[in-house]
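>>> my questions concern the predicted model and sequence given below.
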Amino acid sequence: MSSVLHPVGPEPRERYWVRRVAVLVAAVVAIGIVIALVGNAMSAGSAVQAEPAPPSVSAPTLPPTPSASPSAEATASPTASGSPTPGSATPSAAAPSSAAPTPSDTVTPDPKQKPKSERSTPPTSTDKKKAEQQAAEKKAAAKKKKAATVLASCPADDVRSTLTGPRKVKAGKSAKFSLSLINGSDKSCYAKVTGANFRLTIVSGSDRIWSSEDCPKAVPAQSRKLTPQKSVDWTMRWDGTRSGKGCKERKESPEAGYYWAIANFDDAREVRWRLILT
C-alpha cells in the first residue's frame, strides 16, 4: 500500500502519478463503454417483446324485449359479453349477421309479364292534344279531297267570262289581257280551265290573226273550287304576230287597224275586247 501512495523508482515521483492517473481514466472510460453497450442491448431486447394484448371490450348488451322472460335473461351465455379471443373467426352472439334468402323470399319472374322498359307509358295531355289535332287535319284533308272529287264542274250556262286589255297597241308589239271565269249560279262548283276548253283569238274582220288553239300551252291551267259569284283569274299575252299550227309564227305581220280579242269558254257566251293597232 505504501508503494501505491509513495511510488519508488529511479524516475521522478510526478511521472509515476501521471501514469497512474492515465490508467485510472482509461479504466473509467472502459467501464462507461461497457455500461453503454449493456444498456443498448437491454433496450433492443425490450423492443422485440410482443406488444401487449389490447384491452378487452365487452360487446354492448341489448335491452331486453318486453316479451323476454327472466329465465331467458338468466340463461344467456356468459361468453356473449366476454372479451374476444385473438385470432378467433367466430362472430360474437351479439354481432348482426346477414341471413341468406330463403326459397320463400325468391321471386320468380312471370314470362308473360313484359319488362318495365317495354311497358307502354300512359299518354299525356300534350300527346292527346297532338293526336287529336293530327286526326282533325287528316279528316279535313280527306273531306276537302272528297269535295273536290264529288263537286260537279261549273256548267257553261252558269259561267260568265270577262276580258280586258289595252285599247291601243303599236303594230308588232305584244298586248297583255286579263281574263276570268265567274260562277254565276247559287251553288258551288269546280272550275277547270285548260287549253282544251278555253281559247283566246285575235281577229280583224274575217281574218284570223292569232289563236291559242294553235298553241294550247299559252293557256295557263287553272283548277279551283268556286263558291257563288266567285271567280278564277289569269292573264295571257299576244305577241303581236300571226300564229300557225304548232305554235309557229307566220311571216305576215298584222297591219295598223281595228282588231278584236275574243274569249271563249266551252259553250259559254263569248266576250270581246276591241283594240287598235297603230
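Received it, and whenever you're ready, just let me know what you need. Numbering: from 1, shown residues only.

>>> show me where the stretch 151-278 of the chain has strands.
Remark: strands assigned in the stretch 151-278 of the chain by DSSP state E, counting those that start in this stretch are 159-164, 168-169, 175-183, 189-193, 198-204, 207-211, 222-226, 231-238, 242-244, 248-250, 257-265, 271-277.

>>> quick check: buried residues in the last one?
Within strand 271-277, the residues that qualify as buried are 271, 273, 275, 277, counting by 16 or more other CB atoms under 10 Å. (Glycine included, C-beta is placed from N, CA and C.)

>>> tell me the mean pLDDT over the lengthiest helix in the chain?
The single longest helix within the chain, with elements called by DSSP state H, is helix 13-48. Helix 13-48 shows a mean pLDDT of 80.

>>> please identify the buried residues of it?
residue 16.

>>> returning to what we had before: which of the buried residues of strand 271-277 lies closest to residue 250?
Of all the buried residues of strand 271-277, residue 250 sits closest to residue 277, with 15.9 Å by CB to CB.

>>> show the contacting residues for that closest one.
168-171, 254-257, 259 (CB atoms under 8 Å, 6 or more residues apart in numbering).

>>> where does the prediction get shaky in the chain?
For the chain, applying pLDDT under 70 flags the ranges 1-9, 43-123, 146-151.

>>> domain parsing for it?
2-35, 156-277 (automatic domain parsing).

>>> before we move on, what SS does residue 136 have?
Secondary structure assignment for residue 136 (DSSP: H, G, I helix; E, B strand; the rest coil): helix.

>>> now it: how far from residue 158?
33 Å (CB to CB, to the nearest Å).

>>> before we move on, the earlier item: and residue 140, which of the domains of the chain is closest to it?
domain 156-277 (14.2 Å).

>>> quote the end-to-end distance of the closest one.
For domain 156-277, the first-to-last residue distance is 32 Å (CA to CA, to the nearest Å).

>>> residue 199: neighbour count?
18 (other CB atoms under 10 Å).

>>> how about the contacts made by residue 153?
Applying CB under 8 Å, 6+ apart to residue 153 gives the contacts 189-192.

>>> need the max-distance pair from those residues.
Greatest spatial distance in the contacts of residue 153: 189 and 192, 10.0 Å, computed using CB to CB.
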